[in-house]
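Participant: test case, fold it:
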Amino acid sequence: MDPKSSRAFTFLILLSLFLHSTVADGTSSVFFLDNPSHSYFRSPSSDASSKISSMSLSEVGATVSVLLGFAPPVTLTAASSSKLNEVLVPNPFNRPRSVLILEVTGAEGVSIEALRSNVVNENRVDIQLPDADEVSLFSLDEPKTDAEYSDKELSDFASWLGGSYVSGELAIPLEDGSNLKFELSKEADREFVTSLVSLTHKVQRAMEMHQDLSGAVHRPSELISGKFDGLEALKEHCGAEGVVKGTKLFSIVMSKVFNSLTEAYKGQIVGVIVCKGTPSVAESLFNVIFTSRPSARWLEETKASPNATAIEEIVLVRRTVAWITGILLIIATLLGIYFLLNMPLTRDTLLYSNVKLD
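Facilitator: Numbering: from 1, shown residues only. Modelled structure (predicted):
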């Protein structure tokens, strides 16, 4: 087995174990997917004492901010900062600047030898990022539609996974020689499979957008965020057995998706998967907000605003005085001309007082 296949197989085993453990564990978890060839997270350890302590969603959001190459929020406490140090490699210059963050509903908890942490709360949190010009955000959360995929699209999806799609049955081979089979004539199976097809199409569009951004002089950080709730249909209609089968296929798809992302991003991308068992809600757990930083020009204009008002007042006063003075001069000139033209033709005693006349 070549190194690339070995890494993919190891990733698949870890992710599959991670998702299978959700049935028995019962707690929400966050799982950090590192790059196989370049580590951005600390290496997992089998030592129970070195297990990452529980994290809040706000700490997970701060981790994403740091991975994108930005400073964590100023509100982050010292205790939370220490938790980030348990997850991230202690090198501020070693950040991928591209992150896939995916919320998976219908699954919760994990108990495997891998880099992960339990989530202590599920309150919606903000991921604070700087100006939108510095971050490219691609959302996988498009409005749900009843889009139907053609047999060719489903066949291409099966071939991409090394399986087949014949007569409405999707069959995907496993490493042990068995096959995962889904009858798309069943509503739950079809909803689950089409949600996976939709996820792969959206990720493909994200990679196309990355190709456009890679040629830019100043390439922004990239965040691909979304939510996957396809497992809920299997959980509702098929119970735990359906969830187990669905998590196997989801593990295979995510392994292929992450490998494709790693190749497209040349290794500079990591994944953060948050699994929870509570039903999906309309809003995602993470809300990305941009905290625009005012430029120097904006600060100068803000500072100059009061002076501009004072200048306008001075100009108004000066113009008023000028108009009044001008009008008075015109009136005085007209009066002077009037009296000069109507002056009586008599000797001016003042002008001729020193002149002696015979």
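Participant: all contacts plus neighbour counts: C-alpha atoms, from now on.
Facilitator: OK.
Participant: what helix or strand is residue 227 on?
Facilitator: Using DSSP states H and E, residue 227 sits in strand 221-228.
Participant: just the residues contacting that strand, thanks.
Facilitator: 68-69, 97-105, 134-141, 195, 199, 206, 284 (CA atoms under 8 Å, 6 or more residues apart in numbering).
Participant: neighbours of residue 315, just the number please.
Facilitator: Residue 315: 11 surrounding residues under other CA atoms under 10 Å.
Participant: distance-wise, check it relative to residue 321.
Facilitator: From residue 315 over to residue 321 the distance is 10 Å, taken as CA to CA, to the nearest Å.
Participant: now do residue 287
Facilitator: 59 Å.
Participant: again with residue 175
Facilitator: 94 Å.
Participant: kindly report the same for residue 247.
Facilitator: Distance from residue 247 to residue 321, by CA to CA: 84 Å.
Participant: cool, and residue 140?
Facilitator: Residue 140 is 66 Å from residue 321, by CA to CA.
Participant: looking at the two, which one has more neighbours?
Facilitator: Neighbour totals were compared for residue 140 and residue 321, and residue 140 leads with 21 against 12 (other CA under 10 Å).
Participant: relative to residue 225, how far out is residue 58?
Facilitator: With CA to CA as the criterion, residue 58 and residue 225 are 16 Å apart.
Participant: so between these two, which is more surrounded?
Facilitator: Neighbours per residue (other CA under 10 Å) separate residue 58 from residue 225, with residue 225 holding more: 23 against 20.
Participant: can you check the pLDDT for that one?
Facilitator: Looking at residue 225, its pLDDT reads 91.
Participant: dig out what it forms beta bridges with.
Facilitator: Residue 225 has the following beta-bridge partners by DSSP bridges: residue 101, residue 139.
Participant: for the closest residue to residue 274 other than its chain neighbours, name its beta-bridge partners.
Facilitator: Once flanking residues are discounted, residue 274 sits nearest to residue 30: 4.3 Å by CA to CA, 6 or more residues apart in numbering. In this entry, residue 30 is beta-bridged to residue 117, residue 274, by DSSP bridges.
Participant: my read is that residue 30 contacts residue 121, right?
Facilitator: No: at 11.4 Å, residue 30 does not count as touching residue 121 under the criterion of CA atoms under 8 Å.
Participant: neighbour-wise, which of these two wins?
Facilitator: Neighbour count, other CA under 10 Å: between residue 30 and residue 121, residue 30 has more, with 26 against 13.
Participant: quick check: that one vs residue 246, distance?
Facilitator: As judged by CA to CA, residue 30 and residue 246 stand 19 Å apart.
Participant: do the same with residue 191
Facilitator: On the measure of CA to CA, residue 191 and residue 246 end up 11 Å apart.
Participant: same question, residue 192
Facilitator: Taken as CA to CA, the span from residue 192 to residue 246 is 8 Å.
Participant: overlap in contacts, the two.
Facilitator: 231, 234.
Participant: compare the two (neighbour count), which wins?
Facilitator: Taking neighbours as other CA under 10 Å, residue 192 and residue 246 compare with residue 246 leading, 25 against 22.
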